[in-house]
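Visitor: any chance you could fold what I've pasted below:
(chains A, B, C and D)
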Number of protein chains: 2
Amino acid sequence: MILETKSRIIESAIEVFNSDYSAPLQKVADNAAVTRRTLHRYFKDRNELVTVCEREMEVSCKKAMIAAINSSKEPLVQLKNMLLAGIDCGAKYSFFYKLHQRAGHTHSEKNKNCVDYDYIYHNFRQIINRLQQQDIIDKSITIEWIQNLHTGIIYSTVNMNITNMLNEKNIKELAWNSFIKGISP
Amino acid sequence: MILETKSRIIESAIEVFNSDYSAPLQKVADNAAVTRRTLHRYFKDRNELVTVCEREMEVSCKKAMIAAINSSKEPLVQLKNMLLAGIDCGAKYSFFYKLHQRAGHTHSEKNKNCVDYDYIYHNFRQIINRLQQQDIIDKSITIEWIQNLHTGIIYSTVNMNITNMLNEKNIKELAWNSFIKGISP
DNA sequence: TTATAATGTCACAAATATGTGACATTAATT
DNA sequence: AATTAATGTCACATATTTGTGACATTATAA
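Guide: Just a heads-up that it's a prediction; the model follows:
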């Protein structure tokens, strides 16, 4: 199926570019189990592939994050779901996060991506703030650190070897427990 | 000074290759504020540069880790110092960690690097084990997860924007607090 | 100031990566 | 079985990266 191949290439590219932004397309093709020729049938050039990766990251990861925010009125539930969404998005989350941090990226309020990024982190901050008011999160910890820890836990959970016999659900629970305990008073 | 330039190139390369393994050498040179020609005066080719980076990572980061292990008999102090050492090593820690995880790396008991890697993680496991016996760390959390969290916190601490007005010491304390609280019973 | 060491500039060949056309092979559909 | 869609194989031109020689410039030490 054509769509299957195309999205497999995209997933592969996100995975590869995430740790090796300048990797040759051969590596992406191999990782997707297709030929370089096939890759070029779906994507005009490297630039188009990267752009599509960014868009794909947008529509799936951003959507999941926004869904997590809207999943509940309860900040603790929202926070948990944002973490789980990040883990589910896998490498896309790091990609997303890096994109807006990458040197050369000029953060603009007109750019749709940046608006959504701001929306997500505005909400994240509000959620943390409310939990700090409720004394569920340590008031002395800065929002920057919490955001940072959030990213770090998602990063390592995603990159965790599947070798370990823990099933996916357990890993997610571990991630959430470590995260919330790590920032509790 | 010649040594200054050489080590600046190495630090630059570790930094660049860590997030973009196939980055052109021009990028490394720019980052080190030298010409590509100068870079090639110190390193025969790309391969030599990568090898030297690995060795540099070994001698500094590995040494720091081993020093942390030997810094005390008290497992809690050892664990804290290992985390701080990882943060101090900066990108080198991720490099070190990734090296032994990278696809294609065959872990060998004859390889000096692997022996040290094993030594460090053997000790890490023992430290965790003792802290679990003392009920300082939750007994139900697996060593794999703890190791993973350790890496994740180091990763994000290193990559944290210096923009935030937290000074370095605060960040390290935050990292340690979040880590130990995250895995306590 | 002069000699020397370190780095920069520029040009260029070799290696690697990129993108595409022509045609073969395989898989799915009718 | 015949047709069609998707992918693979191979060759090739172009672009980019890599490594190096020759010489200029700048910094450092005698």
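Visitor: residues in contact with stretch A:34-44: which ones?
Guide: Contacts with stretch A:34-44, where a contact means CB atoms under 8 Å, 6 or more residues apart in numbering or on different chains, come from A:Thr5, A:Lys6, A:Arg8, A:Ile9, A:Leu25, A:Gln26, A:Val28, A:Ala29, A:Ala32, A:Leu49, A:Val52. Bear in mind the C-beta positions are built from the backbone N, C-alpha and C, glycine included.
Visitor: and the third one, what helix or strand is that in?
Guide: A:Arg8 is part of helix A:2-19 when elements are defined by DSSP states H and E.
Visitor: and the following helix or strand past that helix, what's buried?
Guide: Downstream of helix A:2-19, the next assigned helix or strand under DSSP H and E is helix A:25-32. For helix A:25-32, a neighbour-count test (16 or more other CB atoms under 10 Å in any protein chain shown) marks A:Leu25, A:Lys27, A:Val28, A:Ala29, A:Asn31, A:Ala32 as buried.
Visitor: stretch A:37-45 now?
Guide: Those would be A:Leu39, A:Tyr42, A:Phe43, for stretch A:37-45 by 16+ other CB under 10 Å.
Visitor: quick one, domains of chain A?
Guide: A:1-43, A:57-183 (automatic domain parsing).
Visitor: so is the shortest one next to DNA strand C?
Guide: Yes - if you take CB under 7 Å from any atom of the strand as the test, domain A:1-43 does meet DNA strand C, through A:Pro24, A:Leu25, A:Gln26, A:Arg36, A:Arg37, A:His40.
Visitor: and which of these is nearest to DNA strand D?
Guide: A:Arg37 (3.4 Å; CB to the nearest atom of the strand).
Visitor: secondary structure element holding the closest one?
Guide: Taking DSSP H and E as the definition, A:Arg37 sits inside helix A:36-42.
Visitor: now check that helix, is it near DNA strand D?
Guide: Yes - using CB under 7 Å from any atom of the strand, helix A:36-42 reaches DNA strand D at A:Arg37, A:Thr38, A:Arg41, A:Tyr42.
Visitor: quick one: low-confidence parts of chain A?
Guide: Along chain A, the model assigns pLDDT under 70 to residues A:1-3, A:98-110, A:161-166, A:168.
Visitor: what does it put close to chain B?
Guide: Selection of chain A residues close to chain B by CB under 8 Å from any CB of the partner chain yields A:19-24, A:101, A:141-142, A:144-145, A:148-149, A:151-153, A:155-157, A:160-161, A:164, A:166, A:171, A:174, A:177-179, A:181-184.
Visitor: can I have the buried ones of those residues as a PyMOL selection?
Guide: To isolate the buried members of those in PyMOL, using 16+ other CB under 10 Å:
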select buried, chain A and resi 19+20+21+23+141+144+145+148+149+151+152+153+155+156+157+160+166+171+174+177+178+179+181+182+183
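Visitor: all helices of chain A, in order?
Guide: Shown for chain A, the helices assigned by DSSP state H span residues A:2-19, A:25-32, A:36-42, A:46-57, A:63-70, A:75-89, A:91-99, A:112-133, A:143-159, A:168-183.
Visitor: of all the ones you listed, which lies closest to B:Ile66?
Guide: Nearest of these to B:Ile66, taken as CB to CB: helix A:143-159 at 22.7 Å.
Visitor: dump that closest one to CSV, restricted to CA.
Guide: Written as CSV, here are the backbone C-alpha positions of helix A:143-159 (Å, rounded to 0.1, in the frame of the first residue of the first chain):
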residue,chain,number,x,y,z
ILE,A,143,8.7,26.2,35.8
GLU,A,144,11.8,26.1,33.6
TRP,A,145,13.2,23.1,35.6
ILE,A,146,9.9,21.3,35.5
GLN,A,147,9.6,21.7,31.8
ASN,A,148,13.1,20.5,31.5
LEU,A,149,12.6,17.4,33.6
HIS,A,150,9.4,16.7,31.6
THR,A,151,11.5,16.7,28.4
GLY,A,152,14.3,14.7,29.9
ILE,A,153,11.9,12.0,31.2
ILE,A,154,10.2,11.8,27.8
TYR,A,155,13.5,11.6,26.0
SER,A,156,14.9,8.8,28.1
THR,A,157,11.6,6.9,28.2
VAL,A,158,11.5,7.0,24.4
ASN,A,159,15.1,6.0,24.0
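Visitor: sweet, I'm off.
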